[in-house]
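# Predicted model, plus sequence, below.
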Amino acid sequence: MSAQRRTLVQLLSQEPRGSANRHRQQVGQLIEALEQQQPANLAAPGSLELLEGVWELRWSSSQQPYLAVAPWLENLQCLAPSQGRGMNLLRLAGPFTSVKRHPLLVLRRHEIWSS
């Protein structure tokens, strides 16, 4: 693993959730550098299958509220490239959520790949 990738993973792993926003510029620069070093080829066989699943959003360059990253908000992205779909699920975290009940709020669903 390169030093840049290690630094990026460390920044995105900081707690509480959303701490990477304090290093917004550095995170953006690291992502750009890593994309140039190893471009993503989504047309390569098997590459879309690697994205299939539920991912936790730890940082976003977007200002859209449904892509918010904050300590009090869990933002999960469900990606199903095999079906051409993606969805953001938001859940309040920490003291805002009871132990017995974890409400999920579906904010937006997108067709992310054309068939």
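Now that the structure is in, tell me what you want to look at.
# my read: Ser60 touches Ala70, true?
No: counting by CB atoms under 8 Å, Ser60 does not reach Ala70; the two are 10.9 Å apart. C-betas here are computed from N, CA, C, even on glycine.
# and those two? which has more neighbours close in?
Just comparing Ser60 and Ala70: by other CB atoms under 10 Å the higher neighbour count belongs to Ser60, 18 against 14.
# So that one lies in a strand, does it not?
No: membership of Ser60 in a strand is not supported by DSSP: H, G, I helix; E, B strand; the rest coil, which gives coil.
# gap between it and Leu30?
Distance, Ser60 to Leu30, using CB to CB, to the nearest Å: 14 Å.
# Report the beta-bridge partner residues of Leu76.
For Leu76, the beta-bridge partners under DSSP bridges are Glu56, Leu89.
# Could you give the number of residues near it?
By other CB under 10 Å, the residues close to Leu76 number 14.
# and it, what does it touch?
Under the criterion of CB atoms under 8 Å, 6 or more residues apart in numbering, the contact list for Leu76 reads Val54, Trp55, Glu56, Leu57, Asn88, Leu89, Leu90, Arg91.
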